[in-house]
Structures are given as C-alpha cells and as structure tokens.
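J.: no sequence on this one, just coordinates:
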Ligand SMILES: Cc1ncc(COP(=O)(O)O)c(C=O)c1O
C-alpha cells in the first residue's frame, strides 16, 4: 500500500544513497530500509501500510503522541502568521510567553530560559553559562567540567567531552581540555532487576570528593549528569545518589547541571526529574518533549542567581551580557509548538497519567524476567530497558536483530543501545498498549535467542 509519491521516491535508482544517516548502520539500513510514511497517536504507518506501535516516543521525544491536533494547528497557524523573527536584539511575544510557562514548570528558582534548537546545543549552552557564571562572580579559575562515564550529552564537542560513551568520543580527537568523569552507576552484581531506583550505589557520588581532592574545588566549574541516564540504556540513579551529588557540589561552590533532555516534560510523571527526585540543580538542559518532537527546540533553565550574575555583570545596559545564541533560538514556530505542547500536557493531564501508569509499566516490563538472555530489567516513570547478554564476540548484534525483527515481524519500534532494548512510550499510552508492547518485546527476545 505504498502511496504514489513514496513509491516513486523509494523506487528511484540509488535514491537511498545520498542521505548519510545519523547514528545508523547506513549500509545495512539501505539493504533493508525501515521507512515510515506517517504517524498518528501511538502508531507509525510504515511505507507498506503496516501500523507500527511506537514504544519509544520516536526518539524519546513525542511525549504527547503523534499528530496531536492542538500542536498541528498551532504550528500551521504560526507559519502563516510569523514565519521567522530574529531574537538577537529583536524578538516576538511567544518567546516570552513560552519562557514564562517554563519558569513555572521547573522547580525552585529555575526561572530563566535560554532557547536552543536541540539537546546538544542545550548542553553546550549550559556548559558555557556555567563557565561564564563562574567568571562573572570572580571565580574565573573554575574552568574544569565534570561529567560521568556512560553519560550522553549530545554530540557537540562540549557534550562529547563531558559525555562518557566511548564510541561517541574515540573518533574525535582530544576533545575539550580540563574534563573529568565520575564513575557510572550500573552495578548488575548488586542491583540487577531492581524496580525503580536501585538500592546500592549512593556512595559513587563521593567520587566527586576524590576529584575535588585531586584538582581543588577552585578549578571546577560544574558537574553535569543525566538524573536518569537514558541513551546508555536507562540507569535510574541509586537511592540517595543525586542528593549526595547535590550536597557535595553545593559544599564546594560547584554548579550542578541536570541534563533532562529525556527526563523533562513528563517522562517520570512530573515536569522534570528535579521535581520528581526533589533535588534542585542550578541549570537544567531540556529539548525533545518541549515540543513533543514536532519542531526542533531545546531550552536551558537557569536559576535566578546565575542569570542575574551574568546579566548584571556590566554596568552599561547597552552591553550584550552573554555572547552566545543561535539564529533559530526561540524560533516562532518552535515557540508555538512548545506552547501548544505544554497546553496539551496540561489539558490532558499527561504527566499525572504517566505517574499513574508507571506501576503498571514496571510490572509489565518485569514480567519479561526469565526470557532467554535477559540479564537485567530497569524502569522508572515511563522509561524502561531490558538488557540482553551479548552474543559471543559480537556485542550489539543481538539487540540489533531484535530491533529489525521488532519492526518487520512484530510491528513495534524499539530503541537499542549496545545489547539493551530501551522503551519510552508516548504518555498517551494505554494499559492495553503497554501489555501489547511487552508481549511483542517478549516475542522479539525469543526470536533472537
Ligand atoms: C540526555 C541527553 N542530552 C542531550 C541529548 C542530545 O539531544 P539532541 O539529539 O537533540 O541534540 C540527548 C539525546 O538523546 C540526551 O538524551
């Protein structure tokens, strides 16, 4: 059931060649392309007309589901009304409206939004804000940035420097200087098959004290972590870990940045992981769910003292305070999408819905324990992962096959990282659809045994 237009595109000779696909095994994809024609609510339609259950909210981003009318209409209207306005020295009302909405959504005095176009840009922006803040408050020796092993903070040079996924780093030279890493928190020996936050590992936050002893606090600007490590395969933080990290950073005047590109906007059943865990970071990076993936957009939320210190750093009001920004920061169409998305979340109570569904999600996912090669299952909010043992000498191959079989044989989109299957359905998912996801994932796991 190819549409005429799509069949023409796909049938043209070599027409899959020109698109150099991101984070994709290009050669294999082009032998067996997984192409999607449209999307509505919880489903994609493949180009051959199959209904594919979206167990990943696209790429952790379509939290409101697909083709939601309020968002579609807002974007259509905005393109017609104001397609672009610069935000360097000029602006437009929806940028301020969206920033104000975000200020109320994020906890404490995370009251100022700096807009970007992606999570990667949000991360690099937050790192730069951290450095600028330390300098503006007279602590310019604080230039060191600390990330965490196995962390994912996008693909900019800042993000891969503080990130900790080896393949994202090893090809790209020496990266930023003056970066160090905390240890990751995965501990299968002590924590396998934990439900929600694992019991063991809070002491891993104390490694920050070791880095302070090594470098001295006066050289450290900020620590950045994902409150729940997402892309590596869903590592919820050990009980007490984030609280400890907050206490140590605060004690030493080090900023704490939560990278909430995945956890923001309802994934854990709250507006943010900061709110969910009750831990107040200094900066929060967001993207994805901000517009439910409809238009690219990211935002860094900054606490009042950070904003005020930088913005108040010059006596002259005509001076630009922060030499940073993107042509498309606060793009009007992205702002319209963001406002309509937040309204959809509010109107439909989607964050609360995610919180209500989380226990069902947890129970359903853990029912996969005991299937062949399943060595761990992790969950929190509406995110989850099933870790499979690797085929001897072929790391990643089993999960890769699972993804392909899921798409072609079981009509489900799942995400993989290494040998882990990761899932994060749109927050509109029903209990029946959760059961369907888990049933299909079970079939896929058996198929790759
Ligand atoms: C925690 C985190 N930070 C940053 C990013 C990068 O976002 P983007 O792909 O929009 O640049 C991602 C993307 O998955 C992410 O999960």
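T.: Ah, there it is. What you see is a predicted model, and the numbers here were worked out from it, not measured in a lab. Numbering: from 1, shown residues only.
J.: Can you read off the pLDDT for the residue in the stretch 1-150 of the chain that the ligand sits nearest to?
T.: Residue nearest to the ligand within the stretch 1-150 of the chain: residue 119 (2.2 Å; Cβ to the nearest ligand atom). Yep, even glycine has a C-beta here, placed from its N, CA and C like the rest. pLDDT for residue 119: 98.
J.: ok, it touching residue 260?
T.: No. Contact criterion Cβ atoms under 8 Å: residue 119 and residue 260 do not qualify, at 9.3 Å.
J.: who touches both of the two?
T.: Common contacts of residue 119 and residue 260 (Cβ atoms under 8 Å, 6 or more residues apart in numbering): 285, 286.
J.: tell me the domain boundaries of the protein?
T.: As recorded under automatic domain parsing, the domains making up the chain are 34-64+349-447, 71-347.
J.: JSON lines for these, including mean neighbour count and distance to residue 28?
T.: Shown next, in JSON lines, are those (neighbours: other Cβ atoms under 10 Å; distance: least, Cβ to Cβ, whole Å):
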{"stretch": "domain 34-64+349-447", "mean neighbour count": "19", "distance to residue 28": "8"}
{"stretch": "domain 71-347", "mean neighbour count": "20", "distance to residue 28": "17"}
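J.: Can you say which of those domains is nearest to residue 22?
T.: When the domains of the chain are compared by Cβ to Cβ, domain 71-347 sits nearest residue 22, at 8.6 Å.
J.: Confirm residue 132 sits in a helix?
T.: Yes. Judged by DSSP: H, G, I helix; E, B strand; the rest coil, residue 132 forms part of a helix.
J.: Could you report the separation of the closest residue to it other than its chain neighbours from residue 425?
T.: Once flanking residues are discounted, residue 132 sits nearest to residue 310: 5.4 Å by Cβ to Cβ, 6 or more residues apart in numbering. Counting by Cβ to Cβ, to the nearest Å, the gap from residue 310 to residue 425 is 39 Å.
J.: now do residue 373
T.: Distance from residue 373 to residue 425, by Cβ to Cβ: 23 Å.
J.: Start from the N-terminal end of the stretch 101-250 of the chain and give the helices.
T.: With DSSP state H, counting those that start in this stretch as the criterion, the stretch 101-250 of the chain has helices at 119-136, 157-162, 166-169, 188-191, 207-215, 241-251.
J.: can you redo those as TSV with distance to residue 21?
T.: What follows is the helices of the stretch 101-250 of the chain, written out as TSV (distance: least, Cβ to Cβ, whole Å):
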stretch	distance to residue 21
helix 119-136	17
helix 157-162	19
helix 166-169	16
helix 188-191	32
helix 207-215	37
helix 241-251	35
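J.: quick one on the thing from earlier: TSV for the domains of the chain, including distance to residue 15?
T.: As requested, the domains of the chain are exported to TSV (distance: least, Cβ to Cβ, whole Å):
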stretch	distance to residue 15
domain 34-64+349-447	11
domain 71-347	25
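J.: Tell me the confidence at residue 5?
T.: We have a pLDDT of 56 for residue 5.
J.: Then residue 362?
T.: pLDDT for residue 362: 98.
J.: before we move on, what SS does the closest residue to the ligand within the stretch 251-400 of the chain have?
T.: Among all residues of the stretch 251-400 of the chain, residue 261 sits closest to the ligand, at 3.5 Å; criterion: Cβ to the nearest ligand atom. Classification of residue 261 by three-state DSSP places it in coil.
J.: which non-adjacent residue is nearest it?
T.: Using Cβ to Cβ, 6+ apart and skipping the chain neighbours, the partner closest in space to residue 261 is residue 119 (3.6 Å).
J.: where does the stretch 151-300 of the chain come near the ligand, residue by residue?
T.: Residues of the stretch 151-300 of the chain lying close to the ligand by Cβ under 6 Å from any ligand atom are 152, 153, 154, 226, 230, 231, 259, 261, 262, 287.
J.: Going by distance to residue 377, which of those residues wins?
T.: Nearest member of these to residue 377, counting by Cβ to Cβ, is residue 230, at 15.8 Å.
J.: can you tell me which residues contact the residue lying closest to that closest one once chain neighbours are set aside?
T.: Using Cβ to Cβ, 6+ apart and skipping residues adjacent in sequence, the residue nearest residue 230 is residue 262, 3.8 Å away. Residue 262 makes contacts with 60, 226, 228, 230, 231, 288, 383, 424, as judged by Cβ under 8 Å, 6+ apart.
J.: Centre-most residue in the chain?
T.: By Cα atoms, centre = their mean, the chain has its centre lying nearest to residue 262, at 2.6 Å.
J.: Wait, a helix at residue 299?
T.: No. Per three-state DSSP, residue 299 lies outside any helix segment and is strand.
J.: residues contacting it?
T.: Residues in contact with residue 299 (Cβ under 8 Å, 6+ apart) are 99, 102, 113, 114, 115, 116, 122, 285, 286, 287, 290.
J.: can you give me the mean pLDDT across the helix or strand encompassing the first one?
T.: Put plainly, it is residue 99. Taking DSSP states H and E as the definition, residue 99 sits inside helix 93-105. The pLDDT scores in helix 93-105 average 98.
J.: and if you look at stretch 296-312?
T.: Computed over stretch 296-312, the average pLDDT equals 98.
J.: What of stretch 250-257?
T.: 98.
J.: Can you get me the start-to-end distance on that stretch?
T.: Chord length of stretch 250-257, first to last residue, is 12 Å (Cα to Cα, to the nearest Å).
J.: Quick one: residues in contact with it.
T.: Stretch 250-257 is contacted from outside by 126-127, 130, 133-134, 139, 142, 146, 208, 212, 217, 220-225, 245-246, 248-249, 281-285, 306, using Cβ under 8 Å, 6+ apart.
J.: Repeat that for stretch 235-243.
T.: Applying Cβ under 8 Å, 6+ apart, the contact partners of stretch 235-243 are 150, 184-187, 191, 194, 196-202, 204-205, 225, 227-229, 277, 279, 378-380.
J.: Just the strands from the stretch 1-150 of the chain, written as ranges.
T.: Counting by DSSP state E, counting those that start in this stretch, the stretch 1-150 of the chain has strands at residues 36-40, 43-46, 51-54, 110-116, 144-148.
J.: Please produce CSV containing those, extended by distance to the ligand.
T.: Putting these into CSV (distance: least, Cβ to the nearest ligand atom, whole Å) gives the following:
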stretch, distance to the ligand
strand 36-40, 18
strand 43-46, 19
strand 51-54, 16
strand 110-116, 9
strand 144-148, 11
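J.: Fine, thanks again, bye for now.
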